[in-house]
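Chemist: Following is a predicted model, sequence given first.
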Amino acid sequence: LYERWKQNDSLSLKEKELYGEFAPSTAIFNHYLRAKCHCTKDIDEVVRLVTEAKERDGVFVSSKTFSVLIGFSVRHGAMGKLFSSGLIDKTDRRAYFEYFLRSVSTCLYHQKLRQAIVLFEREQDHVFAILGSGKAEGGEEGNGVITRQKRQQYEKLKNEFVLIALGLEAWGALGKLLSILEQRDGEPLRFETACELVTRSAHRGHMLLKKGMKMLWQHEARGEDVKLDYGTAYYLLANTTGNRSIHYYSRVKIADWVWDKVSPLDDGVPLALFYARLNSHSQGKDFLKSFDVLEHLDRCHPGRADPYQMQMLTTKLSGLKIDLKNDDPLKYADCASTLDDAYAKLLARRGEGKGVTTSCVNALIAACGKAKEMGRAFETFEVLGELDLEPDIHTYTLLMDICLTNRRFDAVLKMAEEIEARNMVFTARTGQLLVLTALKMRDIYLVNDFLKMYAKREMMMTERLMEQIEYFLGRYEEKQEDEKFEIEEILESIDDLTAAE
């Protein structure tokens, strides 16, 4: 009927009896437009229909008309064309801003983040000019000024965009929005949104963490009480340490801020958080601050500081140049001087009245091992007695590892005996070193004994170690009859350990 009315095709008498006199109105046009939107994907055709309707008597383009247009544009990815078509009068600030908010809301409802970003990018000059205009007092509308309620709606949509993008892990769209907001919008995200941004970006190690931390610090400066759970604190430390998109001093600032938030340190602070802090110091210029962390670690978790979880620190202490190949003579050129300096700093701590713990010495022993300084490692071990410290299971494990690397199998077994004499609890790494020693000695009886020890102490065996044992058995040639029974017991032990895991 509407199409016939446009063509000036009048109704017959019978049609008039059925339908009555056809009088076009805004409501009828909106129904017509909605039907046409379901029959085409061409935004230009829809815009032409609305433009024609505005020129006809009895038809007015209403707010509902633009709702239909916005819904069509979102479905077919034509939001940019709608705003550039001229249908929306940009001189009417209140109406323009209303349609902008409605468009963004529709995009977010359908999770069309790319189209929402297109809107922000193309319309940012006009949108932020409106937002920058004088604020209405008491929520009253001024001359060309948006209301306080519309500003609040804008803030709500802005934060909703960020939360949806985080949920979908749409980091590209989120990065574009935050860049626009950083340049044009002086108001940070809400405190809860900023916390979520920091948590998610820290967990993923994303470069947007820097922007999130900046917003979080803005809220803290305004008096917000920022608290960190241990999980978020760990990811912040672990994923800012190697994040090269964040400047070094910013990384240091974040790490110091996180460590301040988890203080005071007690036995409730997880070990992983201490290791993350050690890694952050290890990549810094003053890596010897790690000794302070080790002191706190031994105080909060006595005997649990595993040097194998401090690879970055021990590499730094060793002076090893990890970017060079093993056969490069310069790889170990600075090891001696670096170890001397670290040892001197450790003794200086004692003179300054600072704590020196077993873990501090263990870190130096591990560094000596990486520097291939076996003699220096045992000299460092002797320092424990001079400092009135007792070695722990990790001390002996490190020395066993160094001796195994240098094929001093007798020394490995001797230290294992000393561990048992001191009633220390074997770690999985200690057991692994004993099994590897037996494999290198090609002693089938020792392999069987150490595997039984694994089962008895309920230690976890790595898949790599199992593969090494199976490879050894596949190439082993029996020398005596009873070795056959030893091999059978070894296979049974492996099956039991595999089933247990």
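Modeler: Structure's in. What do you need? Numbers count the residues shown, from 1 in each chain.

Chemist: could you pull out the helices for the stretch 51-200 of the chain?
Modeler: 63-75, 79-84, 93-109, 113-131, 148-168, 171-184, 191-204 (DSSP state H, counting those that start in this stretch).

Chemist: Packing partners of the last one?
Modeler: Contacts defined by 3 or more C-beta pairs under 8 Å, 6 or more residues apart in numbering; DSSP states H and E place helix 191-204 against helix 148-168, helix 209-221, helix 230-241. Yep, even glycine has a C-beta here, placed from its N, CA and C like the rest.

Chemist: out of those, deepest packed?
Modeler: helix 230-241 (a mean of 21; mean count of other C-beta atoms under 10 Å).

Chemist: Using PDB, write out every CA atom in that one.
Modeler: The C-alpha coordinates for helix 230-241 follow below in PDB (Å, rounded to 0.1, in the frame of the first residue of the first chain):
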ATOM      1  CA  TYR A 230      48.200 -13.300  45.400                       C
ATOM      2  CA  GLY A 231      47.200 -14.600  42.000                       C
ATOM      3  CA  THR A 232      47.000 -11.200  40.300                       C
ATOM      4  CA  ALA A 233      50.200 -10.100  42.100                       C
ATOM      5  CA  TYR A 234      52.000 -13.100  40.700                       C
ATOM      6  CA  TYR A 235      50.900 -12.500  37.100                       C
ATOM      7  CA  LEU A 236      51.800  -8.800  37.400                       C
ATOM      8  CA  LEU A 237      55.300  -9.700  38.500                       C
ATOM      9  CA  ALA A 238      55.800 -12.600  36.200                       C
ATOM     10  CA  ASN A 239      54.400 -11.000  33.000                       C
ATOM     11  CA  THR A 240      55.900  -7.500  33.400                       C
ATOM     12  CA  THR A 241      59.400  -8.900  34.000                       C
END
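
Chemist: quick one on the thing from earlier: with mean pLDDT added, can I get the helices of the stretch 51-200 of the chain in CSV?
Modeler: As requested, those are exported to CSV (pLDDT from 0 to 100):
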stretch, mean pLDDT
helix 63-75, 89
helix 79-84, 86
helix 93-109, 91
helix 113-131, 90
helix 148-168, 93
helix 171-184, 92
helix 191-204, 91
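
Chemist: The ones you listed into CSV, with extra columns for distance to Asn423?
Modeler: CSV is the format used below for these (distance: least, C-beta to C-beta, whole Å):
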stretch, distance to Asn423
helix 63-75, 71
helix 79-84, 73
helix 93-109, 63
helix 113-131, 61
helix 148-168, 51
helix 171-184, 52
helix 191-204, 41
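
Chemist: now for these, which one comes closest to Lys211?
Modeler: Taking C-beta to C-beta, helix 171-184 is the member of those nearest to Lys211, at 5.1 Å.

Chemist: for Gly80, what are its contacts?
Modeler: Applying C-beta atoms under 8 Å, 6 or more residues apart in numbering, we find Gly80 in contact with 115, 118-119, 122.

Chemist: can you tell which of the helices and strands packed on helix 191-204 is closest to Pro264?
Modeler: Minimum separation from Pro264 across these (C-beta to C-beta) falls at helix 230-241, 13.8 Å.

Chemist: other SSEs contacting that closest one?
Modeler: With contacts taken as 3+ C-beta pairs under 8 Å, 6+ apart, helix 230-241 sits against helix 191-204, helix 209-221, helix 248-262, helix 271-282.

Chemist: contact partners of the third one?
Modeler: It refers to helix 248-262. With C-beta under 8 Å, 6+ apart, helix 248-262 has contacts from 209-210, 213, 217, 226-228, 230, 233, 236-237, 240-241, 243, 246, 269, 273, 277, 280, 283-284.

Chemist: and what of the first one?
Modeler: The set of residues external to helix 191-204 that reach it, using C-beta under 8 Å, 6+ apart, is 159, 162-163, 166, 169, 171, 188-189, 206-209, 211-213, 215-216, 219, 224, 226, 232, 235-236, 239-240.

Chemist: quick one on the thing from earlier: with distance to Ala363 added, can I get the helices and strands packed on helix 230-241 in a markdown table?
Modeler: Converted to a markdown table, those look like this (distance: least, C-beta to C-beta, whole Å):
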| stretch | distance to Ala363 |
| --- | --- |
| helix 191-204 | 27 |
| helix 209-221 | 29 |
| helix 248-262 | 19 |
| helix 271-282 | 9 |
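
Chemist: Out of these, which is the most enclosed?
Modeler: Note that of the helices and strands packed on helix 230-241, helix 271-282 is the most buried (mean count of other C-beta under 10 Å), with a mean of 22.

Chemist: average pLDDT for that helix?
Modeler: Averaged across helix 271-282, pLDDT comes to 92.

Chemist: Please compute how far it lies from its chain's middle.
Modeler: Centre-to-centre, helix 271-282 and its host chain are 16 Å apart (C-alpha atoms, centre = their mean, to the nearest Å).

Chemist: how big is the angle separating that helix from helix 230-241?
Modeler: Following axes from the mean of the first three to the mean of the last three C-alpha atoms, to 10 degrees, one obtains 20 degrees for the angle between helix 271-282 and helix 230-241.

Chemist: Which other helices and strands does helix 271-282 contact?
Modeler: By 3+ C-beta pairs under 8 Å, 6+ apart, helix 271-282 packs against helix 230-241, helix 248-262, helix 290-300, helix 311-318.

Chemist: Would you format the ones you listed as CSV with mean pLDDT included?
Modeler: Below are the helices and strands packed on helix 271-282 laid out as CSV (pLDDT from 0 to 100):
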stretch, mean pLDDT
helix 230-241, 88
helix 248-262, 90
helix 290-300, 93
helix 311-318, 93
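
Chemist: Gly353: which of these is closest?
Modeler: Among the helices and strands packed on helix 271-282, helix 290-300 sits nearest to Gly353 (C-beta to C-beta), with 11.9 Å.

Chemist: The closest one: how far from the chain's middle?
Modeler: From the chain centre to the centre of helix 290-300 is a distance of 26 Å (C-alpha atoms, centre = their mean).
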